[in-house]
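> let's see this in three dimensions:
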Amino acid sequence: MFDILSLNCLVLGGTLDRIFPVEIARTKPVSALKEAIKVEKSHAFDGIVADQLKLYRTSKEVETLDDDELMQALACAPEGGHEALTGSRRALSRIFEHPPTPDALHILVELPSPSPVPQATLLNCLVLGDARNRIFPVIISRAKNVGALRKAIKDEKQHAFHSVDADELDLNHISLPNDDELEHKLRDFNFGKPLQPTSILANIFIDVPTEEHVHIIVRRPLRGLLKDRAMYLKDKLPPPSSGAKIFSATQEKHVYLCSRPLEAEDPIPVTLMEPIFAEFLDDCQTYKPTDEDNCFVRNLSYQMSMFHPTELARMDEFREQLKAYKITLGNDTVGRTQCQTDDHLMVDKFPVVIAKGNNEIGSGGGDPFAQALIYYHLFIQNLDNDELKVARLCSVFPCFHIIVFGPCIGIVGSVFARKIHSEVLVPIIPLCWHSKQLAIQDTAARAFGALRIATRKFKNLYSKPMPTVEIADFNPECPSWQKYTNPDGESQEFAYEETQKIRDTGLMPIGSAPARDTPELIAFEKLPGGWYMVVMEALGIDERSLSPPTDSYRSFYNYRDCASDHRKLEEAVSAFIADFHNEGFVHGDLRDVNLLVKAGGQDKIVHFMLLDFDWAGKVHETYYPPYVNRKEISRPSGARDGMEILQEHDLEMIRFLFHPDTDGPLVLLV
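Got it, this is the predicted structure:
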């Protein structure tokens with residue numbers, strides 16, 4: 001008695017090399033055999049229901065035929081004495097009463113006739129980033145190409161794409177159900193290359209598109225900053241060793257915002273663009289080294305202070321030391337390039353650490369800082385080999401560079417916004433210290449302890465799905481902090497491209513004198529990296545119009561010549577500063593650009609706002625910061641770097657403010 005059937009099956013029209021086996025219990029019905037065949041050929045039978053399959057048991061004559069004779073016999077199948085397996089509940093034991101011949105063909109499978117595909121097709125389309133209730137249909141001939149579909153989509157969404165040419169739209173073919181999971185799936189979906197404009201729709205949609213699915217995703221063209229981001233990645237890069245030798249020429253165009261020269265920098269530092277860098281700086285100050293950290297830096301100091309025969313030998317030793325410290329680096333080529341790093345740490349396709357070394361200070365093929373920067377550029381350029389896709393990703397791709405030159409270490413942080421920004425995060429750390437120089441050893445232990453913490457954070461960051469700009473609000477040139485806690489204790493999110501309308505609370509008209517106030521303080525929070533975030537009400541400021549709206553402010557610098565009598569304003573500002581002083585504070589920077597005024601009829605000032613309190617503080621505890629400008633700005637003689645900010649200085653600045661060309665009277669209301 002045999003319990004299991006081993007059946008050789010063939011789809012009608014297929015060649016003998018496409019015969020496939022199916023094993024099934026002899027007690028199962030015909031319907032179960034159909035299901036088993038469907039499972040075995042799941043890819044080929046995608047979209048076909050098992051019940052639609054027609055099965056035939058081959059005639060007994062088939063068992064005696066050689067391959068050529070068998071192919072001739074199958075040419076007229078299913079005719080030719082083959083038994084149709086009808087009745088879904090019919091047991092296979094009634095069909096195969098005896099064991100089937102092992103090498104013979106036993107089952108022929110006939111696929112259902114394909115439904116005729118209509119000449120026109122309905123495609124459900126969705127602009128990436130829109131909610132799923134914004135899905136819209138487009139009916140178009142299958143004989144047309146993707147370029148025609150672009151035009152049809154633009155015509156359907158003429159208001160949304162009124163300033164966009166049809167050929168700027170990127171289209172991607174998908175088939176996802178319109179359900180509650182759609183937007184989540186789109187967030188993580190890898191779209192790949194967009195459809196080519198010359199591709200015929202019939203070749204893309206061979207079958208009728210699935211009903212209630214989304215078929216086409218529309219991506220808006222890159223504009224402004226994001227377009228610049230993509231163009232930046234198009235430029236061909238030299239190998240890092242060659243690029244470092246011509247780095248000074250490259251930096252004539254400030255290709256890298258790395259403070260070489262000093263003008264090549266962005267106002268927003270990398271510690272504001274990536275919080276992990278800011279937290280790294282805090283950890284460098286506050287981290288308490290363990291015995292593991294101290295042992296590591298001691299061993300690292302011993303090995304790095306030695307003389308190595310080659311750069312490769314030094315970097316091999318550096319890699320081994322970091323591996324023992326659980327920071328595992330490897331050296332490999334970058335993407336499809338032939339450029340191989342000294343060492344790097346990757347998470348998926350993203351660089352977390354890039355290490356570059358010279359055997360000794362001044363040796364090697366060029367500046368290791370510049371070489372590490374070019375390696376980072378290559379890594380970003382080779383992400384998916386698609387600069388448009390990279391530009392759309394909501395990330396500044398933060399990465400550490402560890403620079404090794406002889407017995408010294410530098411730690412650099414880089415991000416990619418419109419250009420690549422790169423900053424030295426900590427002072428250069430010498431590893432050839434005297435055994436009693438505990439302060440330097442402690443600095444090194446805290447820095448590497450902080451680095452290990454930060455690399456773990458980057459691993460977590462890069463292990464999560466990365467949304468695109470169509471899905472999430474993103475401006476890579478703005479600080480990463482986009483929320484604060486309001487006075488009610490609630491978390492409030494904001495976007496940097498938006499402004500709040502000025503509110504009248506706090507704007508106090510005082511009879512015939514101008515109102516006096518400062519912008520309302522909404523929130524004040526301490527951030528990592530030594531930063532403070534001050535959230536204040538946004539003022540309506542109009543510096544350009546010759547006749548600004550009556551509800552707009554402009555700086556006193558631009559208003560000075562619009563009215564002849566500023567005495568009431570001078571009195572109001574002086575009274576405000578007197579109150580400020582009486583509370584025990586000093587301002588330190590009372591200039592015309594920090595005084596905003598609002599004019600009423602006949603150019604009479606009705607309100608003022610005083611800004612720029614970043615130098616302000618308590619009396620006898622507040623000092624001028626570095627680089628006080630005394631050339632273009634009139635200041636008191638004692639207003640110099642590091643000197644105490646005095647209340648008398650504020651009074652003198654008021655004199656300069658309202659009487660720049662004379663030694664006019666100082667108005668002070670107490």
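
> partner strands of the helix or strand containing Ile354, parallel or antiparallel?
Taking DSSP states H and E as the definition, Ile354 sits inside strand 350-358. Strand pairing for strand 350-358, determined by DSSP bridges: strand 343-347 (antiparallel), strand 399-405 (parallel).

> spatially nearest residue to the residue nearest the centre of the chain (excluding sequence neighbours)?
Nearest to the centroid of the C-alpha atoms of the chain, with distances taken as Cα atoms, centre = their mean, sits Ser395, at 1.4 Å. Counting by Cβ to Cβ, 6 or more residues apart in numbering, the nearest residue to Ser395 once its immediate chain neighbours are dropped is Met466, at 5.6 Å. No exception for glycine: its C-beta is placed from N, CA and C like everyone else's.

> need phi/psi at the one you found.
phi -110, psi 110 (degrees, to the nearest 10).

> show me where pLDDT drops low in the stretch 151-300 of the chain?
The stretch 151-300 of the chain contains no residues with pLDDT under 70.

> show me the strands in it, by range?
170-177, 213-219, 256-257 (DSSP state E, counting those that start in this stretch).

> among those, which comes closest to Ala131?
strand 213-219 (12.2 Å; Cβ to Cβ).

> which residues sit against that closest one?
For strand 213-219, the surrounding residues in contact (Cβ atoms under 8 Å, 6 or more residues apart in numbering) are 123-128, 132, 135, 138, 149, 153, 157, 169-178, 182, 186, 191, 194, 205, 209, 392, 470.

> show me how to select, in PyMOL, the buried members of these.
If you want just the buried ones from those in PyMOL, going by 16 or more other Cβ atoms under 10 Å, the selection is:
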select buried, resi 123+124+125+126+127+128+135+138+149+153+157+169+170+171+172+173+176+182+186+191+194+205+209+392+470
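
> so which of the contacts of strand 213-219 are in helices?
149, 153, 182, 186, 392 (DSSP state H).

> still on that earlier bit, CSV for the strands of the stretch 151-300 of the chain, including distance to Leu657?
Output for these, formatted as CSV (distance: least, Cβ to Cβ, whole Å):
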stretch, distance to Leu657
strand 170-177, 55
strand 213-219, 53
strand 256-257, 35
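
> the residue nearest to the centre of the chain belongs to a strand, doesn't it?
No - read with DSSP: H, G, I helix; E, B strand; the rest coil, Ser395 is coil and lies in no strand.

> what about stretch 218-232, start to end distance?
24 Å (Cα to Cα, to the nearest Å).

> burial measure for Phe318, as a count.
22 (other Cβ atoms under 10 Å).

> got a pLDDT number for it?
Phe318 carries a pLDDT score of 96 in this model.

> any idea how far Asp235 is from the closest residue to it other than its chain neighbours?
Using Cβ to Cβ, 6+ apart and skipping residues adjacent in sequence, the residue nearest Phe318 is Val404, 5.7 Å away. Distance of Val404 to Asp235, computed by Cβ to Cβ, to the nearest Å: 28 Å.

> nearest to Gly449, of the strands of the stretch 151-300 of the chain?
strand 256-257 (28.5 Å).

> now do the closest one: which elements does it pack against?
For strand 256-257, the packing partners by 3 or more Cβ pairs under 8 Å, 6 or more residues apart in numbering; DSSP states H and E come out as strand 420-424.

> mean pLDDT lowest where, among the strands paired with strand 350-358?
Among these, strand 343-347 has the lowest mean pLDDT, at a mean of 91.

> got the contact list for it?
With Cβ under 8 Å, 6+ apart, strand 343-347 has contacts from 315, 318-319, 322, 327-332, 351-355, 375, 379, 402, 455, 458-459, 462-463.

> mind running it again at 7 Å?
315, 319, 327-331, 351-355, 455, 458-459, 462-463 (Cβ atoms under 7 Å, 6 or more residues apart in numbering).

> buried subset of these?
For those, buried by 16+ other Cβ under 10 Å: 315, 319, 327, 329, 351-355, 455, 458, 462.

> okay, Val404 and Asp235: which has more neighbours?
Using other Cβ under 10 Å as the criterion, Val404 and Asp235 rank with Val404 on top: 24 against 10.

> if we can go back for a sec, can you give me the neighbour number for the residue nearest to Ser395?
Residue neighbour count, defined by other Cβ under 10 Å, stands at 17 for Met466.

> likewise for Arg94?
11.

> low-confidence ranges, this protein, go.
Looking at the chain by pLDDT under 70, you get 1, 115-117, 365, 470-472, 497-517, 542-551, 560-565, 600-604, 662-670.

> can you do 50?
By pLDDT under 50, the low-scoring segments of the chain are 498-516, 664-670.

> tell me the domain ranges of it?
4-110, 120-221, 229-462, 508-518+538-658 (automatic domain parsing).

> and stretch 477-488, what's buried?
In stretch 477-488, counting by 16+ other Cβ under 10 Å, buried: 477, 479-481, 484.

> could you dump those into TSV with secondary structure and distance to Gln251 added?
Below are the buried residues of stretch 477-488 laid out as TSV (DSSP: H, G, I helix; E, B strand; the rest coil; distance: Cβ to Cβ, whole Å):
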residue	secondary structure	distance to Gln251
Glu477	coil	20
Pro479	coil	25
Ser480	coil	26
Trp481	coil	30
Tyr484	strand	37
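
> name the nearest of these relative to Ser574.
Of the buried residues of stretch 477-488, the one sitting nearest to Ser574 (Cβ to Cβ) turns out to be Tyr484, at 33.2 Å.

> show me what contacts that closest one?
492, 523, 525, 533, 535.

> mind checking the SS state of the first one?
Right, Gln492. The three-state label given to Gln492 by three-state DSSP is strand.

> my guess is it contacts Gln482, does it?
No - taking Cβ atoms under 7 Å as the definition, Gln492 is not a contact partner of Gln482, at 9.8 Å.

> coming back round to it: so which of the strands paired with strand 350-358 is nearest Val164?
Among these, the nearest to Val164 by Cβ to Cβ is strand 399-405 (33.8 Å).

> which strands and helices sit next to the very next helix or strand once past the closest one?
Once strand 399-405 ends, the next helix or strand along the chain (criterion: DSSP H and E) is strand 408-416. Packing partners of strand 408-416 (3 or more Cβ pairs under 7 Å, 6 or more residues apart in numbering; DSSP states H and E): helix 270-273, helix 368-381, strand 399-405, strand 420-424, strand 429-430.

> turn the ones you listed into JSON lines, columns for distance to Asp291.
Output for these, formatted as JSON lines (distance: least, Cβ to Cβ, whole Å):
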{"stretch": "helix 270-273", "distance to Asp291": "30"}
{"stretch": "helix 368-381", "distance to Asp291": "31"}
{"stretch": "strand 399-405", "distance to Asp291": "23"}
{"stretch": "strand 420-424", "distance to Asp291": "29"}
{"stretch": "strand 429-430", "distance to Asp291": "20"}
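
> nearest to Phe307, out of those?
The nearest among the helices and strands packed on strand 408-416, by Cβ to Cβ, is strand 399-405 at 13.5 Å.

> just how off-centre is that closest one within its chain?
Its chain's C-alpha centre and that of strand 399-405 lie 22 Å apart, by Cα atoms, centre = their mean, to the nearest Å.

> wait, which of the strands of the stretch 151-300 of the chain is closest to Asn385?
strand 170-177 (16.0 Å).

> how far off centre is that closest one?
Distance, centroid of strand 170-177 to centroid of chain: 22 Å (Cα atoms, centre = their mean).

> can you list the strands that that strand pairs with?
Here, using DSSP bridges, strand 170-177 pairs with strand 213-219 (antiparallel).

> what number of residues lie near Phe369?
19.

> name the nearest residue to it, sequence neighbours excluded.
In this structure, Phe369 finds its nearest non-sequential neighbour in Ile403, 5.6 Å apart by Cβ to Cβ, 6+ apart.

> run through the residues that contact that neighbour.
Here Ile403 is in contact with 356, 368-369, 372, 409-410, 412 (criterion: Cβ under 7 Å, 6+ apart).
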